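Trainee: Please find the sequence and the predicted model below.
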Amino acid sequence: MIRPATPADIPVIHAMIRELAEYEKASHEARATRGRLHEALFGAHPAAYAHIAQDDATGEPVGFALWFLNFSTWRGVHGIYLEDLYVRPEARGAGHGKALLTSLARICVERGYERLEWSVLNWNQPSIDFYRSLGARPQDEWSVYRLTDGALSALGSA
């Protein structure tokens, strides 16, 4: 079962973000707090949205998708950028990841959004294979660039 997240889900979303960071070998980069997540998802001006995958038998949260709207100047419409998709290891293979992506694709179709995009680490072959099985294709001609920490501060202070 997939459902929109509620404020009561903040602790489990936060925990799964930490689990995802460990899986991606980047625990030191995961600095989100429960407070920041609550503000981003449920504050006065939400910047992001989340959906929860629940185990059909127990109702326990086993995964989440955290996403926000982007915009294509070429297409002239919004799309969804999937920031994180995570399913706990013990629940993988049961269809939760596909159900989460299906729910986001449904939102795109219903709202007239023309893109559902995300990034995946080059070494994460199981995820790459899964995404390809759904018809997703890499955008090999593009490279992702990022400014953070000192470089961001330096440029922003120039």
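Mentor: That came in fine, so what should we check first?

Trainee: same for whichever helix in the chain runs longest, what does it pack against?
Mentor: Using DSSP state H to define each element, the chain has its longest helix at helix 96-111. In terms of contacts (3 or more Cβ pairs under 8 Å, 6 or more residues apart in numbering; DSSP states H and E), helix 96-111 is packed against strand 2-4, strand 49-54, strand 61-72, strand 77-87, strand 116-118. (Each C-beta comes from the backbone N, C-alpha and C, glycine too.)

Trainee: okay, those strands, which one's buried deepest?
Mentor: Most buried of these by mean neighbour count (mean count of other Cβ atoms under 10 Å) is strand 49-54; its value is a mean of 22.

Trainee: So what are the sheet partners of it and their directions?
Mentor: strand 2-4 (antiparallel), strand 61-72 (antiparallel) (DSSP bridges).

Trainee: For Ala99, which of these is the nearest?
Mentor: strand 2-4 (5.1 Å; Cβ to Cβ).

Trainee: Could you check the angle the helix or strand immediately after that closest one in the chain makes with strand 61-72?
Mentor: Going down the chain from strand 2-4, the next helix or strand is helix 10-23, by DSSP states H and E. Helix 10-23 runs at 80 degrees relative to strand 61-72, counting by axes from the mean of the first three to the mean of the last three Cα atoms, to 10 degrees.

Trainee: how far out from the middle of the chain is helix 10-23?
Mentor: 12 Å (Cα atoms, centre = their mean, to the nearest Å).

Trainee: So which elements touch the helix or strand following that helix?
Mentor: Moving toward the C-terminus from helix 10-23, the next helix or strand (DSSP H and E) is helix 34-42. Helices and strands touching helix 34-42, by 3+ Cβ pairs under 8 Å, 6+ apart, are helix 10-23.

Trainee: I'd like the mean pLDDT over the helix it packs on, please.
Mentor: Here helix 10-23 scores 97 as its mean pLDDT.

Trainee: Same check on stretch 84-104?
Mentor: The model assigns stretch 84-104 a mean pLDDT of 96.

Trainee: Between the two ends of it, how far is it?
Mentor: Distance across stretch 84-104, first residue to last, is 12 Å (Cα to Cα, to the nearest Å).

Trainee: Next: stretch 56-64.
Mentor: End-to-end distance of stretch 56-64 (Cα to Cα): 15 Å.

Trainee: quick one: which of the helices and strands packed on helix 96-111 is nearest Ala26?
Mentor: It is, among the helices and strands packed on helix 96-111 and with distance given as Cβ to Cβ, strand 77-87, at 11.9 Å.
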